[in-house]
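Q: Quick one, structure for this:
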Amino acid sequence: MVSMVTRDSDQWYQCDKCEMLFDNEADAKTHEEHCEGDEEPSYLQ
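A: Okay, the predicted model is just below:
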């Protein structure tokens, strides 16, 4: 599942499995389809 979050007054889409942030909901959903959820995010995309 992808959640919308606000950080520093900006809207982001967060993968609920690994908590990686995306500025585009479609990118977040595509990522989540392939996410293993066992690694911490290494960067903001």
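Q: List the contacts of the residue lying farthest from the centre of the chain.
A: Ranking residues of the chain by C-alpha distance from their mean position (Cα atoms, centre = their mean) puts residue 9 at the top, at 16.5 Å. Under the criterion of Cβ atoms under 8 Å, 6 or more residues apart in numbering, residue 9 has no contact partners. (C-beta placed from N, C-alpha, C; glycine too.)
Q: Begin at 45, not 1, for the rest of this chat.
A: Taking 45 as the first residue, the last one we looked at is residue 53.
Q: That one and residue 79: what is the separation?
A: 26 Å (Cβ to Cβ, to the nearest Å).
Q: cool, residue 52 as well?
A: Taking Cβ to Cβ as the measure, residue 52 and residue 79 are separated by 24 Å.
Q: More neighbours: which of these two?
A: Each of residue 52 and residue 79 has its neighbours counted (other Cβ atoms under 10 Å); residue 79 has more, 16 against 5.
Q: Tell me, how many residues neighbour the residue nearest to that one when sequence neighbours are not counted?
A: Once flanking residues are discounted, residue 79 sits nearest to residue 61: 4.6 Å by Cβ to Cβ, 6 or more residues apart in numbering. Neighbours of residue 61 under the rule other Cβ under 10 Å: 15.
Q: Which strand or helix spans residue 61?
A: Using DSSP states H and E, residue 61 sits in no helix or strand.
Q: With residue 47 instead?
A: Here residue 47 is assigned to strand 46-51, by DSSP H and E.
Q: Counting neighbours, what do you get for the residue lying closest to residue 54 once chain neighbours are set aside?
A: Distance criterion Cβ to Cβ, 6+ apart; nearest residue to residue 54, sequence neighbours excluded, is residue 67 at 7.9 Å. Look at residue 67: counted by other Cβ under 10 Å, it has 12 neighbours.
Q: Quickly note the distance from residue 67 to residue 57.
A: 7 Å.
Q: what's the following helix or strand after the strand holding residue 47?
A: strand 54-59.
Q: Between the two ends of stretch 60-69, how far is it?
A: End-to-end distance for stretch 60-69, by Cα to Cα, to the nearest Å: 13 Å.
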